[in-house]
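Visitor: Sequence first, predicted model second:
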Amino acid sequence: MLGYVTLGTNDLQRAAAFYDKICAEFDVSRMMDFDTFIAWGKPGGGAGIALSKPHDGKPATVGNGVMAAFQAADPAQVDKVYKLAIELGAKCEGPAGPRGDGSFYAGYFRDPDGNKLNVFCM
């Protein structure tokens, strides 16, 4: 299974401020913090998320078809995190709500760098 997901950024400090607040909603904080790379997670916990300036020095770009997902405890947490992301400058890619047969509840958004994310519960 996945250990962590790394997303590219062109403005690490701006992006880190966004993810500090999103990750706090899951009781997760920074576990690694370097000049070009920051990771959030809990040792021994589930998959974490990281941001990095590209190693090759070229601008970060968004992967078409790539998405990372935050697992929420319930629909109320989905709603809260989705709303917070939008308030922090994320762009809506699909408002929080039930999908399919209703057993999947999710909200989709793009972070300030354009990376696609969702927050969901099942």
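Guide: Arrived safely. Residues are numbered from 1 along each chain as shown.
Visitor: What is the longest strand belonging to the chain packed up against?
Guide: Longest strand of the chain, by residue count under DSSP state E: strand 91-99. Strand 91-99 is packed against helix 75-87, strand 104-110, strand 116-121, with contacts defined by 3 or more Cβ pairs under 8 Å, 6 or more residues apart in numbering; DSSP states H and E. The way it works is simple: take the backbone N, C-alpha and C, and place the C-beta from them, glycine included.
Visitor: Serialize these to JSON lines and add fields for distance to residue 33.
Guide: Shown next, in JSON lines, are those (distance: least, Cβ to Cβ, whole Å):
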{"stretch": "helix 75-87", "distance to residue 33": "21"}
{"stretch": "strand 104-110", "distance to residue 33": "24"}
{"stretch": "strand 116-121", "distance to residue 33": "21"}
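Visitor: For residue 47, find the nearest of those.
Guide: Closest approach to residue 47 among the helices and strands packed on strand 91-99 (Cβ to Cβ): strand 116-121, 13.1 Å.
Visitor: now the closest one and helix 75-87, what's the angle there?
Guide: Strand 116-121 and helix 75-87 meet at an angle of 160 degrees, taking axes from the mean of the first three to the mean of the last three Cα atoms, to 10 degrees as the criterion.
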